[in-house]
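K.L.:
build the 3D model from these lines:
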Amino acid sequence: MCVYDAPMALDPSLSHTNGLEPDAAGARNLRHLSNLRRSIVGPMPVDQFIRRTVGTSAEASDAKERLSARNAFRAIPPTASKPEHIYEPLIIALNKRTKHRSRCPGFVFEDTARRILYPKRVGYAKPHICCFAEQNLDVVRRSSRRARLELGYAETFIQVTADVTRDYFTDPPVNVDGSSGEMHDLFSRMDNDRAQEEIEGALGMHIAFVAEIFARQHRTRVFSISMAGSRARLFRWDRAGCIVSRSFDVREQPEYLCEFLWQFSQLTDASRGHDTTVQPASSEEESRFREAIKEHVRRQLDVEGEQLDKALTQHYSPGRVAIMKVFRQEDTPSSDARRYLVSRPVVSPTSLVGRGTRGYWAVDLNSSQVVFVKDTWRLAYGVLEGDLLHHLNELGVRNVPSIVIHGYLPEEVHDGVTHWQITRTDKPVAESWVCCRRGKPLAVRQLQHYRLVMGTVGYGLSTMRGTEELLHATYDAFTAMRDALAKDSRIHRDISMGNIILVKEPGQDIRRGYLIDWEVSDEVDASGYSRQAGRVGTWYFTSWRMLHWSQADGRHTFLDDMESLYHVVTYCALLYLPHALSSSVLTALIREHFGSAIPWDDGVVHGGNSKCANTHSHSLLKWARFEDAMLVEWLTALLYLQCPIGHTVEDFKYGESWTPDDLDIYWSTFLRTHKLERNNRVVHELMVTEFDRTPRPDIVRRSTVSSLGKRSSTEGANAGDVPGSKRRSTARLGAQRDSNAPPPLNPAATHRPSGAAAHPALRRSERIRDRQTCPRAVPIAPPPIKPHARPLIAPRTTTARRHGLPRRK
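P.N.:
As a prediction, this is how the structure comes out:
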């Protein structure tokens, strides 16, 4: 059985689905398109597409059950003024059946466009036609128009553009040898800017529907169909991208669409794209899950009553509990799998291309132990994260999660041969009919479905209760970093807010910090540099050195990870500890200091200017005016360690005292000698737009490296309340647009223009898209500085002189 309508992660308030805000849908759709521009493979000849994606069959029984394709879609006009003039007669033709014959047996095509709550608002759009299994039709029809159950049950969908000239793509002429011409740009380019924007918006919406089906179902692939007038295209989507067919006229060549839909109906659940390693749980299993998770939440948060019930909703959605299988890597898929109960993930993907990571609090079906399941798509090569964690556990590296089981996932087993869940968009990339993107090669990599179960289960750093927990938990993460370096010559390379979790352990008042997600970690050579070159990790917390344009292909060091940890502390302090900034200034400050990303004309993205300047001027601390003097003391001391008075940053060098040993001496002494605030949490809400919430994937893809940021760059920015916390600075959408960027880090560096200035020949629609998806940094004027409750001071321990820090007066 398939699992439909899987719950998605909730937003920080635990009241709405995270990442699908209707007001930000237009920008989100454009970003979907930007992410996929070099991952769309086509146009594949239609007969090849059908044969290679859904197969063909010439069995005699087919002829007895299939409706004739002759004149099947003659009622559809070649072009129209409204989409309904196309999809209404199309639905009638698709659902046509006799007593023994039909076009797509077992499935029904429904008009879902009429089930939209606000038809004129992009954020509430639904596909024009959705295809449902017959047994699910009543569930969908009974659901509220406010819900989006259609995409939780859709098997495939059809999206219509009324005008035949508004096709998403332009097919090249077919040469005598069958090739299409490598230099042809597949994407449609219109002379009219408004028409171009409409086409790009429509394709972005089509991709958004696919991404939402992946998010609301457990999927390995999704099929869809587009119509421009009477001309159709077939699509096959997976986590690596999309394969698209050449267009064909359903009036003149109805056999193509009829053949595709017939073969689609004959596929198994797994072949249609369902992940059959996930199955529905029984009511008894759901009760076991609810009670086990509820008890773990109680122990971790020390809450009862309504607070406990609300916290439980982050992990449990009534009636939607599933069994998730995990296969041990060294075992064969035919062996017994470990089974885990899961419900609502704490993180779920809203983009299409990439890892598509889900994270669950789960319950072992045999032992009732609460564990954490990570479900992701990873590159089909390299060291497995589970093997790496097992290795770190064996070496005795402290404060890393324990490993239970991990392995790749099978799709189906035929005649003793295992077919794995793997993306296939990359398979035809080298074929003669494939078009490049403006002469550039496609960027499609093979990914494989992988699950990892860890025995360490906790809450994100965004749930910190105060300064004490923040500095202790991040020191725990620093301990894990030092152990990995000393025992395995390994650096993490993705120190971020989302990669530190808090775990309440028996007999401890303060939750321990664990450093997770070691998949992009790397060994260092004798000089301390990572063996692999290029930026990886989360942009907001990357060191200023690695964000400089000259380091796009640079190599990380442990000192970069140390700086990233400092940025994590600063970021958490700005969001969850008392200070003097209003929400508007805080929003602009975070966007500029952490999120500044400037694309240059050669494809390199750079930033980090504000981070570098802050090491000299300490301007962020002056602007923020934190109320906790102990926090200010710690933040100031670490800036002096990075950049002592009189130090310059030539050749990207830190101060001599910015070393693992010196930082450990200072930090451990500070925690022993200072009594820190335990419950001074204050939640500062940001004026966040959709652009600010997500690190621009389009910028990431324009970079010369594969990944600059994997998570939402403000992950947990407005995290739900922790018992005893306060809330300040309420605000809504509407932060001001980005303006001009600060000068490059090195004033002597050659200026490289970006945006429209770098490409004066770009069309107006392209310049608009670049401004929307690649905003530049906002220069922030600091608020008037008032006398602080306590002066900015250096450490009062005896290490001050040793580090060359100014003595406290």
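K.L.:
which helix or which strand is home to W237?
P.N.:
Element membership of W237, judged by DSSP states H and E, is strand 231-238.
K.L.:
now for that strand, which elements pack on it?
P.N.:
helix 46-53, helix 193-216, strand 222-228, strand 241-245, strand 248-249, helix 254-266 (3 or more C-beta pairs under 8 Å, 6 or more residues apart in numbering; DSSP states H and E). The way it works is simple: take the backbone N, C-alpha and C, and place the C-beta from them, glycine included.
K.L.:
kindly export that strand (C-alpha atoms) in CSV.
P.N.:
What follows is strand 231-238, C-alpha atoms only, in CSV (Å, rounded to 0.1, in the frame of the first residue of the first chain):
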residue,chain,number,x,y,z
ARG,A,231,0.2,20.8,-28.0
ALA,A,232,1.3,18.5,-25.2
ARG,A,233,4.6,17.7,-23.5
LEU,A,234,5.4,14.8,-21.1
PHE,A,235,7.6,15.2,-18.1
ARG,A,236,9.5,12.8,-15.8
TRP,A,237,10.8,14.5,-12.6
ASP,A,238,13.1,13.3,-9.8
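K.L.:
by mean pLDDT, which helix or strand of the chain comes out lowest?
P.N.:
Ranked by mean pLDDT, DSSP states H and E, the weakest helix or strand in the chain is helix 697-702, scoring a mean of 32.
K.L.:
list the strands paired with the strand holding W237, with their directions.
P.N.:
Note on strand 231-238: by DSSP bridges, its sheet partners are strand 222-228 (antiparallel), strand 241-245 (antiparallel), strand 248-249 (antiparallel).
K.L.:
so which of the ones you listed gets nearest I665?
P.N.:
strand 241-245 (49.2 Å; C-beta to C-beta).
K.L.:
what about that closest one, distance to the chain center?
P.N.:
What separates the centre of strand 241-245 from the centre of its chain is 21 Å, taken as C-alpha atoms, centre = their mean, to the nearest Å.
K.L.:
what of stretch 147-160?
P.N.:
21 Å.
K.L.:
mean confidence score for that stretch?
P.N.:
Averaged over stretch 147-160, pLDDT sits at 97.
K.L.:
go on, stretch 290-308?
P.N.:
The model assigns stretch 290-308 a mean pLDDT of 96.
K.L.:
helix, strand, or coil at I645?
P.N.:
What DSSP: H, G, I helix; E, B strand; the rest coil gives for I645 is coil.
K.L.:
against W634, how distant is it?
P.N.:
18 Å (C-beta to C-beta, to the nearest Å).
K.L.:
can you check A208 too?
P.N.:
Taken as C-beta to C-beta, the span from A208 to W634 is 43 Å.
K.L.:
swap in N29?
P.N.:
Applying C-beta to C-beta to N29 and W634 gives a distance of 43 Å.
K.L.:
for this structure, what's the longest strand?
P.N.:
Ranked by residue count and defined by DSSP state E, the top strand of the chain is strand 370-379.
K.L.:
tell me which element the residue nearest to S368 when sequence neighbours are not counted is part of?
P.N.:
Nearest non-adjacent residue to S368, counting by C-beta to C-beta, 6 or more residues apart in numbering: A292, 5.3 Å away. Following DSSP H and E, one finds A292 within helix 283-301.
K.L.:
now for that helix, which elements pack on it?
P.N.:
helix 305-312, strand 338-342, strand 358-364, strand 370-379.
K.L.:
what is the first one packed up against?
P.N.:
Going back to what we said before, that points to helix 305-312. Packing contacts for helix 305-312, counted by 3+ C-beta pairs under 8 Å, 6+ apart, involve helix 283-301.
K.L.:
dump stretch 503-513 to CSV, keeping only the CA atoms.
P.N.:
Only the C-alpha atoms of stretch 503-513 are listed here, as CSV (Å, rounded to 0.1, in the frame of the first residue of the first chain):
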residue,chain,number,x,y,z
VAL,A,503,19.7,16.9,24.3
LYS,A,504,18.5,16.7,27.9
GLU,A,505,20.4,13.9,29.6
PRO,A,506,19.6,12.4,33.0
GLY,A,507,20.9,14.3,36.0
GLN,A,508,21.9,17.4,33.9
ASP,A,509,20.3,20.9,34.3
ILE,A,510,21.7,22.2,31.0
ARG,A,511,21.0,20.4,27.7
ARG,A,512,24.1,19.0,26.0
GLY,A,513,25.0,20.1,22.5
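K.L.:
got a list of contacts for that stretch?
P.N.:
Contacts with stretch 503-513, where a contact means C-beta atoms under 8 Å, 6 or more residues apart in numbering, come from 299-302, 399, 456-459, 461, 468-469, 472-477, 500-502, 514.
K.L.:
tell me the buried residues in that stretch?
P.N.:
V503, K504, I510, R511, R512, G513 (16 or more other C-beta atoms under 10 Å).
K.L.:
so how far is I405 from the last one?
P.N.:
Taking C-beta to C-beta as the measure, G513 and I405 are separated by 24 Å.
K.L.:
can you check D185 too?
P.N.:
46 Å.
K.L.:
who's more crowded, the two?
P.N.:
I405 (21 against 14; other C-beta atoms under 10 Å).
K.L.:
where does the stretch 151-300 of the chain dip in pLDDT?
P.N.:
176-182 (pLDDT under 70).
K.L.:
recalculate using a threshold of 50.
P.N.:
176 (pLDDT under 50).
K.L.:
ok, now the stretch 451-600 of the chain?
P.N.:
In the stretch 451-600 of the chain, no residues with pLDDT under 50.
K.L.:
was I right to think L589 contacts L620?
P.N.:
Yes - with contact defined as C-beta atoms under 8 Å, L589 counts as touching L620 (7.2 Å).
K.L.:
before we move on, back to that, centre of the chain to the helix holding A292, how far?
P.N.:
Centre-to-centre, helix 283-301 and its host chain are 27 Å apart (C-alpha atoms, centre = their mean).
K.L.:
what angle sits between that helix and strand 358-364?
P.N.:
With axes from the mean of the first three to the mean of the last three C-alpha atoms, to 10 degrees as the basis, helix 283-301 and strand 358-364 are set at 110 degrees to each other.
K.L.:
buried sites along helix 283-301?
P.N.:
E285, E286, R288, F289, R290, A292, I293, H296, V297, Q300, L301.
K.L.:
residue boundaries of the strands in the stretch 451-600 of the chain?
P.N.:
Assigned by DSSP state E, counting those that start in this stretch, the strands in the stretch 451-600 of the chain fall at 459-460, 490-491, 500-503, 512-515, 522-523, 598-599.
K.L.:
as TSV, the ones you listed with distance to K440 would be great.
P.N.:
Compiled in TSV, those are given as follows (distance: least, C-beta to C-beta, whole Å):
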stretch	distance to K440
strand 459-460	38
strand 490-491	32
strand 500-503	37
strand 512-515	37
strand 522-523	28
strand 598-599	15
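K.L.:
so which of those strands gets nearest R378?
P.N.:
Here strand 522-523 is closest among the strands of the stretch 451-600 of the chain (C-beta to C-beta), at 15.3 Å.
K.L.:
which other helices and strands contact the closest one?
P.N.:
Using 3+ C-beta pairs under 8 Å, 6+ apart, strand 522-523 sits against strand 490-491.
K.L.:
tell me the helices and strands packed up against the strand it packs on.
P.N.:
helix 467-488, strand 522-523, helix 558-576.
K.L.:
at 10 Å what do you get?
P.N.:
helix 385-395, helix 467-488, strand 522-523, helix 558-576 (3 or more C-beta pairs under 10 Å, 6 or more residues apart in numbering; DSSP states H and E).
K.L.:
pick the most deeply packed of those.
P.N.:
Neighbour counts (mean count of other C-beta atoms under 10 Å) averaged over each of the helices and strands packed on strand 490-491 peak at helix 558-576, with a mean of 24.
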